[in-house]
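In: Coordinates only, no sequence provided:
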């Protein structure tokens, strides 16, 4: 394994490995997405999966052959399979793709496959950043962008890699999100909010009130304070940090709401013709909102805490979202996102170590 | 204070005290709602507030004078006031109303005023049910009713009286919700779900997995298992039990979603005419959904854990919702909801005490 954290890289030197067999419509859309990316970007792509099928698709779609390579994998983990199969079977596409990244032959990993298997393959093959206490799963979700950013998405983490977290772990999540938004969106000082049950500093029990205090004291973190559940969709902040359990429940609630809004409305107002007409017209739109804004535009959501970039794409990924995820991954390598996370956390841990020893420190 | 927990009561013997000054449109709508209830129901109502103003409104609206009584209170807590003012000032309408109930002159308390003040006035004046470890705030929210109940609402508790809870406290919440749904909806064996990050029994850390295990073992609790954030709106269960922090964040996320759905859609699809038209038509409907289904139909949400029924109505309560809250309160007294909660918890605590002493018990 490669323990060196790479600095910024030229795009032409960047290699992204993709689990070509992961996703509902794989390998067709993974190959198609890679073909598209190869035409417009100079980074290299390794497609990991059934060589014969991948070659058939490559023959069909226009691509830049100098930028695409195939590594054969005879097996794959399907959505319904037990994630642990990836540890038992050395021939799975996600397992081999993660190994390629862990071995330093590629800089980033992408998969639209079984989430549990992606996490396990990553954990097994790719080194954790030194000092990272807990890895984190992020989700990118659409907001109504009250900050007026270029896109309407906010990042929330953790959304379920953990259940409960310590204050220090939540600070780490802030550094992870910060590095991501800086690298990908180019926002110099992303705003960060702590998901809580009230706006006051003392709210939310010991862990959250401690996290609030520390976040407020770190000068290179643009902490705006607590945000509540009803603020999530407003997009008041670029990054929402939270314990795994509250993040998971909040973001699943958002997903569920989008889908069921329509049905609730229908029942509550079944005699209101105007409402009904709006609902019928909207139904196509809601489908689009779910299908498109959920994942297609941003490509995928990062798994944080590893030395290499790992992007988990939605199972329903399309050619467009795979293309976008590849570009996202390459960009995060180019901007040295993992290095930024590593340095921020090392610095923080050093200072909080000093503090624990009784010294007064400024974060 | 009256320490006796009353058994079932005839409606004509039931007295409900209402903080006539609480709510955005009080005392007009509280008096109007009481007038309406007095015409159709035999229980008695005590309006607590400024006698002169209440009398003026009583003269305007048709009512049954035998069923309405005024108790004067010279002051009131406004929405922006500090809740603790209720403890400092003996003349507030909510303080006097709570005292009337605590003293046994009324059976139930209703207020559409400042939530913090309602909780503090209740805590000061009304005895907690013996054995109740933590009181709880509930919310009633609209679902798409996949159980096919008579109404589309589910109950969720706790939504913020607590931050973190123990497994035993969550079991208490289940008993509270159970007694409420039995009394108010007449559902014999309401379904109960535990808000968690996955369906498996072991999910969600120590507290939730322990709560799961106990809930499953109690035969008079119809526990259907864990439900996730995306299940909330489906209405898979009549009652959702959760720690305060997750309940608060989940339900505020639901509220926020309802309001911002429209804006997100507008931004994401600003070039899609069909969507736009649907949104314009829908905007009236969404406003209605927020205004109406949130609180008007069900009247108010219970504050659990006290010997008397306490219903907190929405600040934006209308005549209709006040009327409904009065009926709801009277019904819960008629059905002896607090007695049911008290007995269920006493029985549970007795058995779990035996268990802690090493005896094998069946809940």
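Out: Arrived safely, thanks for sending. Not measured: the values here are computed from a predicted model.
In: Helix or strand with the lowest mean pLDDT in chain A?
Out: Within chain A, confidence by mean pLDDT, DSSP states H and E is lowest for helix A:273-288 among all helices and strands, at a mean of 48.
In: near chain B, which residues of the stretch 1-150 of chain A?
Out: A:142-145 (C-beta under 8 Å from any C-beta of the partner chain). In short, each C-beta sits where N, CA and C put it, glycine included.
In: from those, which ones fall inside helices?
Out: Judged by DSSP state H, helices contain none of the residues of the stretch 1-150 of chain A next to chain B.
In: got these as TSV, with pLDDT and neighbour count columns?
Out: Listed next are these as TSV, based on pLDDT from 0 to 100; neighbours: other C-beta atoms under 10 Å in any protein chain shown:
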residue	pLDDT	neighbour count
A:142	77	24
A:143	80	27
A:144	76	18
A:145	80	20
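In: Check which element follows the least confident helix or strand of chain A along the chain.
Out: Per DSSP states H and E, the first helix or strand lying C-terminal to helix A:273-288 is strand A:300-304.
In: what about the residue of the stretch 101-250 of chain A found nearest chain B, how many neighbours?
Out: Across the stretch 101-250 of chain A, no residue is closer to chain B than residue A:229, which sits at 2.9 Å (C-beta to the nearest C-beta). Close neighbours of residue A:229, defined as other C-beta atoms under 10 Å in any protein chain shown, add up to 27.
In: Pretty sure it sits against residue A:251.
Out: No. The pair residue A:229 / residue A:251 is not scored as a contact, 10.8 Å apart, by C-beta atoms under 8 Å.
In: and residue A:110, that's in a strand?
Out: Yes. Counting by DSSP: H, G, I helix; E, B strand; the rest coil, residue A:110 is part of a strand.
In: just checking, it touches residue A:300?
Out: Yes. Residue A:110 sits in contact with residue A:300 when judged by C-beta under 8 Å, with a separation of 6.7 Å.
In: shared neighbours of those two, which are they?
Out: A:311, A:313, A:325 (C-beta atoms under 8 Å, 6 or more residues apart in numbering or on different chains).
In: For the stretch 1-150 of chain A, give me the ranges with low pLDDT.
Out: The stretch 1-150 of chain A contains residues with pLDDT under 70 at A:1-6.
In: repeat that for 80
Out: Scanning the stretch 1-150 of chain A for pLDDT under 80 picks out A:1-7, A:142, A:144.
In: Helices along that one, start to end?
Out: Per DSSP state H, counting those that start in this stretch, the stretch 1-150 of chain A carries helices over the ranges A:28-40, A:51-60, A:85-88, A:93-102, A:115-125.
In: re the thing from before, gap between the residue of the stretch 101-250 of chain A closest to chain B and residue A:173?
Out: Relative to residue A:173, residue A:229 is positioned 18 Å away (C-beta to C-beta, to the nearest Å).
In: likewise residue A:161?
Out: 10 Å.
In: Please apply the same query to residue A:205.
Out: 17 Å.
In: likewise residue A:60?
Out: For residue A:60, the distance to residue A:173 - C-beta to C-beta - is 42 Å.
In: Pick out whichever of those two has more residues nearby.
Out: Neighbour count, other C-beta under 10 Å: between residue A:60 and residue A:173, residue A:173 has more, with 32 against 12.
In: Which parts of chain A belong to which domain?
Out: A:1-132+A:305-335, A:133-297 (automatic domain parsing).
In: For my notes, please list those domains in CSV and give distance to residue B:120 for each entry.
Out: Listed next are these as CSV, based on distance: least, C-beta to C-beta, whole Å:
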stretch, distance to residue B:120
domain A:1-132+A:305-335, 43
domain A:133-297, 16
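In: looking at those, which is closest to residue A:348?
Out: Residue A:348 lies closest to domain A:133-297 among these, at 6.4 Å (C-beta to C-beta).
In: Near the closest residue to residue A:63 other than its chain neighbours, how many other residues are there?
Out: Setting aside the residues directly before and after it, residue A:63 is nearest to residue A:35 in space (C-beta to C-beta, 6 or more residues apart in numbering or on different chains), at 3.6 Å. Counted with other C-beta under 10 Å, the neighbours of residue A:35 add up to 24.
In: now swap in residue A:99 and tell me
Out: The burial count for residue A:99: 22, using other C-beta under 10 Å.
In: now do residue A:188
Out: Residue A:188: 8 neighbours (other C-beta under 10 Å).
In: wait, is residue A:165 part of a strand?
Out: No. Secondary structure assignment (three-state DSSP) places residue A:165 in coil, not in a strand.
In: which ones are touching it?
Out: Residue A:165 neighbours (C-beta under 8 Å, 6+ apart): A:134, A:158, A:173, A:207, A:243-244.
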